[in-house]
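what's the 3D shape of this:
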Amino acid sequence: MAAALRRFPRSSFEVFVSRVPWTVASNDVKEYFSQFGIVKRCVLPFEKETGFHKGYCWVTFSSEEGFRNALQKDYHILEGTKIQVQLQQSSRRFSNQH
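Numbers count the residues shown, from 1 in each chain. Below you'll find the predicted structure:
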């Protein structure tokens with residue numbers, strides 16, 4: 001992971017989070033990731049048809065330190081579910097295909 005962090009210049013300290021439990025709201029995600037640093041924003045997209053979130057989100061930290069701390073942790077558990085946290089390597093692409 002350290003090599004991947006060095007390869008990509010950071011203009012935004014954003015991580016992609018998947019496998020987010022359906023019972024979790026964006027405030028829960030923000031609160032969880034606050035242990036790693038100041039969370040600037042959490043974007044949890046919703047399905048228009050169902051009203052449920054899509055099970056993934058983006059978390060943006062205000063500093064590189066929080067960003068790196070979150071990525072360096074071996075695993076993350078949110079409300080009893082192991083979530084996946086990845087380096088956001090390219091700009092976000094919203095799609096209606098999910």
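
helices along this protein, start to end?
2-7, 26-33, 64-72 (DSSP state H).

ok, which of the ones you listed comes nearest residue 16?
Minimum separation from residue 16 across these (Cβ to Cβ) falls at helix 64-72, 10.5 Å. To be clear about C-beta, it is placed using only N, CA and C from the backbone, and glycine gets the same treatment.

what about this protein, any weak spots by pLDDT?
1-11, 89-98 (pLDDT under 70).

quick one, strands of it?
13-18, 39-43, 56-61, 76-78, 81-87 (DSSP state E).

which one, of these, ends up nearest to residue 50?
Nearest to residue 50, of the strands of the chain and by Cβ to Cβ, is strand 56-61 at 14.8 Å.

quick one: work out the angle between that closest one and strand 13-18.
Strand 56-61 runs at 160 degrees relative to strand 13-18, counting by axes from the mean of the first three to the mean of the last three Cα atoms, to 10 degrees.

count of residues packed around the spatially closest residue to residue 57 that is not a sequence neighbour?
Using Cβ to Cβ, 6 or more residues apart in numbering and skipping the chain neighbours, the partner closest in space to residue 57 is residue 44 (4.1 Å). Counted by other Cβ atoms under 10 Å, the residues lying close to residue 44 total 20.

check residue 14 too.
Neighbour tally, residue 14, other Cβ under 10 Å: 18.

that one: what's it in contact with?
Neighbour list for residue 14: 58-61, 67, 88 [criterion: Cβ atoms under 8 Å, 6 or more residues apart in numbering].
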